[in-house]
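*Asks:* Sequence and predicted model, in that order:
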Amino acid sequence: NEPEGNSLFIIQAHNPDELRHFSWMLGNFTYESRRQTGQIEPLVSFIFDEADEFIPQQARDSYAESSAVAMTLARRGRKFGLGIGIATQRIRYLNTSILAQPHTYFVSKLPRQSDRQAIAEAFGISEEMFRQTFRFKKGDWLLASYDAAGLEAIPIPIHAENAEDRLFELIERLK
């Protein structure tokens with residue numbers, strides 16, 4: 001919550017239960033401190049990579065903790081400058097209540113029909129549109145958004161440079 005400078009924190013753990021518990025603690029602490037003070041800046045994004053390990057459809061034990069904090073961030077975080085990013089290759093495994101909250105989706109190759117169906121249902125994307133994703137190279141995406149792109153429910157093909165390169169550049173600048 002410090003307003004000076006940029007920060008990047010990458011949290012990993014050998015024990016996935018500890019990682020889920022830590023995400024719950026960090027997310028709740030950040031949300032509650034901002035809610036109590038009304039703090040909005042700096043903007044913070046919580047990114048859940050391999051999201052099926054944090055927000056599965058059926059959440060029990062440590063999965064329930066990480067699912068709860070993801071739901072809080074997705075539903076109420078925006079008004080306190082908190083955002084959520086969800087990255088997964090298996091969209092069908094995710095809690096649909098949380099998955100419905102983000103307004104913008106980046107879709108890459110989806111080889112499984114059930115995953116393509118889930119995105120198609122949310123945005124009305126045709127099978128033909130998905131076929132072009134099979135030819136995508138690294139960094140190619142379909143941008144599907146309810147409002148960010150200005151075209152409601154019309155996916156736009158985009159290309160993004162390698163994020164790892166940009167992260168390494170940021171880390172070098174922060175040294």
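*Replies:* All right, it came through fine. Residues are numbered from 1 along each chain as shown.
*Asks:* any idea which helix or strand comes after the top helix by length along the chain?
*Replies:* Counting by DSSP state H, the longest helix found in the chain is helix 16-37. Following helix 16-37 in sequence order, the next helix or strand is strand 44-48 (DSSP states H and E).
*Asks:* Which secondary structure elements does that next one sit against?
*Replies:* If you count contacts as 3 or more C-beta pairs under 8 Å, 6 or more residues apart in numbering; DSSP states H and E, strand 44-48 packs onto helix 16-37, helix 62-76, strand 82-86. The way it works is simple: take the backbone N, C-alpha and C, and place the C-beta from them, glycine included.
*Asks:* picking that back up, model confidence over the longest helix of the chain, on average?
*Replies:* Average pLDDT, helix 16-37: 95.
*Asks:* which secondary structure elements does it contact?
*Replies:* Where contact means 3+ C-beta pairs under 8 Å, 6+ apart, helix 16-37 is packed against strand 44-48, helix 62-76, strand 82-86.
*Asks:* Reformat the ones you listed as JSON lines; add mean pLDDT, mean neighbour count and distance to residue 114.
*Replies:* Shown next, in JSON lines, are the helices and strands packed on helix 16-37 (pLDDT from 0 to 100; neighbours: other C-beta atoms under 10 Å; distance: least, C-beta to C-beta, whole Å):
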{"stretch": "strand 44-48", "mean pLDDT": "93", "mean neighbour count": "17", "distance to residue 114": "20"}
{"stretch": "helix 62-76", "mean pLDDT": "94", "mean neighbour count": "20", "distance to residue 114": "21"}
{"stretch": "strand 82-86", "mean pLDDT": "92", "mean neighbour count": "19", "distance to residue 114": "17"}
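*Asks:* between the ones you listed, which one is nearest to residue 32?
*Replies:* Proximity to residue 32 (C-beta to C-beta) singles out helix 62-76 among these, at 9.3 Å.
*Asks:* and the closest one with strand 44-48, angle?
*Replies:* 140 degrees (axes from the mean of the first three to the mean of the last three C-alpha atoms, to 10 degrees).
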